[in-house]
Structures are given as C-alpha cells and as structure tokens.
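Visitor: My questions concern the predicted model and sequence given below.
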Amino acid sequence: MNKYTIQLFNLPEGLWIDTIEKIDEKIIIKCRSTKKYAICPHCKMKTKKMNQYRIRYLKHGNINNTNTVIQLSLRQFICKNHLQQKTFMEKIQGIDRRRTTSNFRRLTMEWLQRNSFRYIGNKFSVSGNSLARMVRENHKEWKTDWALLAEKKIKLGIDEHSFRGRDLSLTLTEVKQRKLLSILPNDRLVTLEAWLENMPEFAKKQIDEVCMDLKVGYKNTVEKILPHAQITADRFHVEQLANRVVDEMRSVVVSCEPRRMYIKEILLKGKEKLTGEERIKLNMVFKKYEKFPCLYEAWFVKEKLRDMYRARNKSKAQKIFEEIISLLEDSHYSRYFETFKKTLKLWNKNILNYFNHYTTNAYTEGAHTKIKLMKRVSYGFRNIHNYIAKMMLAFLPLCWILNHHTI
C-alpha cells in the first residue's frame, strides 16, 4: 500500500509514509527514510549510529487546489571511523537543501507557462520572487540544441519587439523549423554580433538564409559575421512600409480639406478584397482629391508592390520591381516618395531574394503575438532577465518540462 501511495503523490523513492493528515487547508505527509543505515560522505563506510533527528517541511505539490507538504524526519548519523567522530545528515534522492521538491518545481514550471507569477504564487503559497528566481535558475539549462537544428539548413529570423515602452528586445528564431532560439536583452548591434559570434561554427555554416526587417545595421552585422548567408527582406515589412507611405499621404491630404472622409480602411485594403460598394467609394475618393495626385500614385505603387509578391517567378517579379522604381521616379515630388524610393533601391537585391525560397518572418511575428499575450497575462515586467526567462519558458514543449528532472 505504501508503494501505491508514493506513486499517487509522486514522492521521491526511498521514503516510508507514516501518516497523511489535512491541517489548515494543507495536506501534511509525514515521511521518513526506509534505510536503517547511512553511508558516510567522508570515508564511504556504513554506519547505524544515530545522533539526533531533524524535521524538515518541503512544499511538494497541489491536489484539488490543496497544497501538499512533506514533513520529513531526517536522521543525523555518527561515523566512528575517524579520530574525531564526525556527524552528517542522511541524504535522500531527489531532496536537497531547498525547501521544495523537484515535483513542486516541475509543477510550478508547467503552470508558469500560461500564467503570471502572482497567480501561481497565490495558488502554491510561494512568493513571486522565489518563482522568478526558480525560472532564472532553470533558464541557464534551456539551451538551443544546435546539433539537432544543424541537421537541416538553418533559416534565421531576426526581428525586434517592445519589452517595455521604447525599450526593445531582439527575437531570434528558426523560421522553417519553427523554433524560438533566443530573446536578447536589447536591440543593439553589439548584442546581436556577440550572439552570432558565440554560435557553434558548424551551426554558422548551416545558416544559408537570414530573414529580417529593413534595418541596415542588422544587415551589415549579418554580412560581417555570416558572409555566406543570403539576406532576405521580410515581405510583411516591405508591404507595411508601402502602407505607411499611403497612410502618411492620406493624413496630409485629408487635413487640407474642411470636410474629412474616413478613407484609411479602403486605401490600405487590397484591391482584390474590396467589395462593390468599397470600389465605388474608392473611385469617389480619388475624384474628390484629384488635385492631390500623390495620393493615387501612393495607392497605385502599393498595389503594384503587392502584385510583385504574387508573381510566379523571380524574373517576373524583377520586371514589376523595375516598374515600381520608374513609377516613383516619374511621380510628383514628395518627401515620402523620396525616402521610400531610396529604401527600395538599397534593399533591391534582398527584396527579390524572397523569390528564391519564399521565406518570411511569419513565425517570428507569431512568436511576438504570443509574447504580447504573456505580457498582458503577467501585467508587464520590470526585470529584463525575468522577462526573458518567462518568455522562453512559454515556448518550451510541455513534454520537456515533464521529463526534465534537474529543475
């Protein structure tokens, strides 16, 4: 019966259960070791001579919203094989100097994947600082398995997201194998360069493509450390840049008219997705603002860019891209067009590299969505190291946590 009770409560092996009581909304499991002797850590000899007992209370788990606590009776032994008799405490597998068992730490890691520190602290009666320290300690062991990733060609995704306000963190992913590799504490080029330099050499050689947004600093850093890798401008960010030009043009044009129209949605929406009524409204907008030809030109270039990404091959896409550049050069002067044209020319090769493997940063953007959800659940973070450890925990497979016994 004792064996099945131990399995039911998932207790460490080598314990004997004396009693199980419920006291003050807690389940107290009184245990002791089954061995009649202990091995001296100094001389490795057996001894049965006991000196005293010591009672320890260890948080163990939660059953039906009731916390379980192990009341462990530990014995202190005396070893007579020394000139001066030495005392030592017996050791039980799975129990160390901490006030929690491995089962408790594994359960909290599992719950923390989807919940905040405060919620889990109230549920398991443990402080938020203790939980944060527990997550940070285990974060050191969540290392990327480069040997497994390097079995295939690695396609690296780089993008930044907001940690708090204007403080940005850098997200690094494997976009094809869908793995979150790391979250860097800031978006500085030095930090990215250090992370790339610390990668194993065999993994660097396997990186054949890097997908990123339109940041020249990231591009130069990758070219410096990974000269053999193809750099691809993320399709989402290129289309987003074109939408931004249209929206900036709209805000300027609409502000010049006494009666304003809400036209943002139909201007940014793809023309193939417009309904019949929206097409009529769009034509009315261009007719009303015909004295501002830049608005129509910005919209037309945006749609032409979307047509380019629907091209069947790279040669057709290149022809459309050249048409877009010529349209921007022949269009009415606007500072928005000038900046947009310079960006497209600078990233010409990288934009067209999309048609080699059709790689995007979609998985990275999906990871950012999950990170934002976890930030809202946790009501934000102050400590960047707690933040990184908590976000990395949210992306760990549950089976990894359940099988990880070194937590």
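Guide: On my side now, so go ahead. Since the model is a prediction, treat every value here as computed from it, not as a measurement.
Visitor: burial measure for R97, as a count.
Guide: Other residues within reach of R97, judged by other C-beta atoms under 10 Å, total 5. Heads up, the C-betas are built off the backbone N, CA and C, glycines and all.
Visitor: which stretches of the stretch 1-150 of the chain have low pLDDT?
Guide: Counting by pLDDT under 70, the stretch 1-150 of the chain has low-confidence residues at 1, 83-84.
Visitor: Strands of that one, residue ranges please.
Guide: Ranges of strands in the stretch 1-150 of the chain, per DSSP state E, counting those that start in this stretch, are 15-23, 26-33, 38-39, 46-47, 50-63, 66-79, 86-89.
Visitor: Y4 versus R310, what's the distance?
Guide: 63 Å (C-beta to C-beta, to the nearest Å).
Visitor: got it, and S182?
Guide: From S182 over to Y4 (counting by C-beta to C-beta), the distance is 44 Å.
Visitor: Same check on S334?
Guide: S334 is 78 Å from Y4, by C-beta to C-beta.
Visitor: For those two, indicate the residue with more neighbours.
Guide: Per other C-beta under 10 Å, whichever of S334 and Y4 has more neighbours is S334, with 20 against 8.
Visitor: Which of the helices or strands spans the closest residue in space to that one that isn't next to it in sequence?
Guide: Residue nearest to S334 in three dimensions, not counting chain neighbours: C294, with 5.0 Å by C-beta to C-beta, 6 or more residues apart in numbering. Using DSSP states H and E, C294 sits within helix 293-309.
Visitor: Name the residues that touch that helix?
Guide: 235, 238-239, 242-243, 245-246, 249-250, 253, 267, 270-271, 286, 289-290, 317, 320-321, 323-324, 327-328, 331-332, 334, 336-337, 340, 354 (C-beta atoms under 8 Å, 6 or more residues apart in numbering).
Visitor: Report the buried residues of that helix.
Guide: 294-302, 304-309 (16 or more other C-beta atoms under 10 Å).
Visitor: Enumerate the positions of the following helix or strand past it that are buried.
Guide: Remark: after helix 293-309, the chain's next helix or strand is helix 314-330, criterion DSSP H and E. Neighbour counts over helix 314-330 (16+ other C-beta under 10 Å) mark A317, Q318, F321, I324, L328 as buried.
Visitor: How far away from the center of its chain is helix 314-330?
Guide: 37 Å (C-alpha atoms, centre = their mean, to the nearest Å).
Visitor: Give me the domain ranges for this protein.
Guide: Listed by automatic domain parsing, the domain ranges of the chain are 2-99, 146-234+360-403, 235-357.
Visitor: ranking the ones you listed by mean pLDDT, which is last?
Guide: Here the domains of the chain differ in mean pLDDT, and the lowest is domain 2-99 at a mean of 85.
Visitor: From the opening residue of it to its closing one, how far?
Guide: 24 Å (C-alpha to C-alpha, to the nearest Å).
Visitor: Ok, stretch 268-285 next?
Guide: Its first and final residues considered, stretch 268-285 spans 13 Å by C-alpha to C-alpha.
Visitor: Contacts for it next, please.
Guide: Taking C-beta under 8 Å, 6+ apart as the rule, stretch 268-285 contacts N243, V246, D247, M261, I263, I266, L267, E303, R306.
Visitor: For the second one, give its distance to L295.
Guide: It refers to V246. Separation of V246 from L295 (C-beta to C-beta): 8 Å.
Visitor: Tell me both backbone torsions, phi and psi, for the closest residue to R260 other than its chain neighbours.
Guide: Spatial nearest neighbour of R260, excluding adjacent residues (C-beta to C-beta, 6+ apart): V254 at 5.0 Å. The phi/psi pair for V254 (degrees, to the nearest 10) reads phi -60, psi -30.
Visitor: Cool, thanks, signing off.
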